[in-house]
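Student: Pasting the sequence and the predicted model now:
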Amino acid sequence: MRTAAEAAEQVERLTGLKRGPTQIRQFLKTELGFRWRRTRVIPCPPKADLPDHIREQEHFLENQLQPRLDEAVAGGRHVFFVDAAHFVFGTFLCCLWSLTRIFVKAASGRQRFNVLGAWNAVARELVTVTNTTVVNTDTMCDLLRLVAARGLVGPVTLVLDNARYQRNALVMGLAQELGIELWFLPRYSSLSNSLISS
């Protein structure tokens, strides 16, 4: 149900009890523990149906990623999840009660602070490369060198999405030279977010 009014209609239809939106909101929150939540999307390839997509994700998790994570937990491997974040130098405005519109000085919003990070799935440590220009092949190579410089004992696996700058000959060659395994998530995967947050 999208609104309290819709919930009120459902309650009345199912029980015969007529309640206003305010009463319904209170009931949903305090009695049932509901919260008004934003919906989320499930990434899915355009030419695949959802069950096939779910099977592909489960197969990757169970047969490829989970064994590496288990090995990392046992101390026999290091697994890092890699992703980039792009922060914008900008102003986030609020609303004010005022007689006239209030203007505040702000940056243009075009300048960015980029972070390419590798999060150790077991040790919970973050290795980062930052800049204010762009994340590209050179940035990815810098990250590979930083991970290698940590002197980790045992195999090292980096789990990546399929960003173009991660999948080229220069990055793949350097990873092989440094003895780092690059492991790419299936297309349209939501696994990285769920694993990092868990």
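Tutor: Sure thing, it's come through.

Student: in this protein, which spans are helices?
Tutor: 4-15, 21-26, 50-60, 66-73, 137-149, 169-178, 191-197 (DSSP state H).

Student: export the longest one as CSV, just CAs?
Tutor: Same thing as helix 137-149. Output of helix 137-149 as CSV, limited to C-alpha atoms (Å, rounded to 0.1, in the frame of the first residue of the first chain):
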residue,chain,number,x,y,z
THR,A,137,42.6,2.8,-15.5
ASP,A,138,45.5,4.6,-13.8
THR,A,139,43.4,4.9,-10.6
MET,A,140,42.7,1.2,-10.7
CYS,A,141,46.4,0.4,-11.2
ASP,A,142,47.2,2.6,-8.2
LEU,A,143,44.8,0.6,-6.1
LEU,A,144,46.2,-2.7,-7.2
ARG,A,145,49.7,-1.5,-6.2
LEU,A,146,48.4,-0.3,-2.8
VAL,A,147,46.8,-3.7,-2.1
ALA,A,148,50.0,-5.5,-3.2
ALA,A,149,52.1,-3.2,-1.0
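
Student: and that helix, how far out from the chain's middle?
Tutor: 21 Å (Cα atoms, centre = their mean, to the nearest Å).

Student: Begin at 24, not 1, for the rest of this chat.
Tutor: Renumbered: residue one is now 24, and that last one reads helix 160-172.

Student: you'd agree Val157 is up against Phe136?
Tutor: No: in this structure Val157 lies outside contact range of Phe136 using Cβ atoms under 8 Å: 11.6 Å. Bear in mind the C-beta positions are built from the backbone N, C-alpha and C, glycine included.

Student: if we can go back for a sec, so which of the helices of the chain is the most packed in?
Tutor: Sort the helices of the chain by mean neighbour count, taking mean count of other Cβ atoms under 10 Å, and helix 160-172 sits at the top with a mean of 18.
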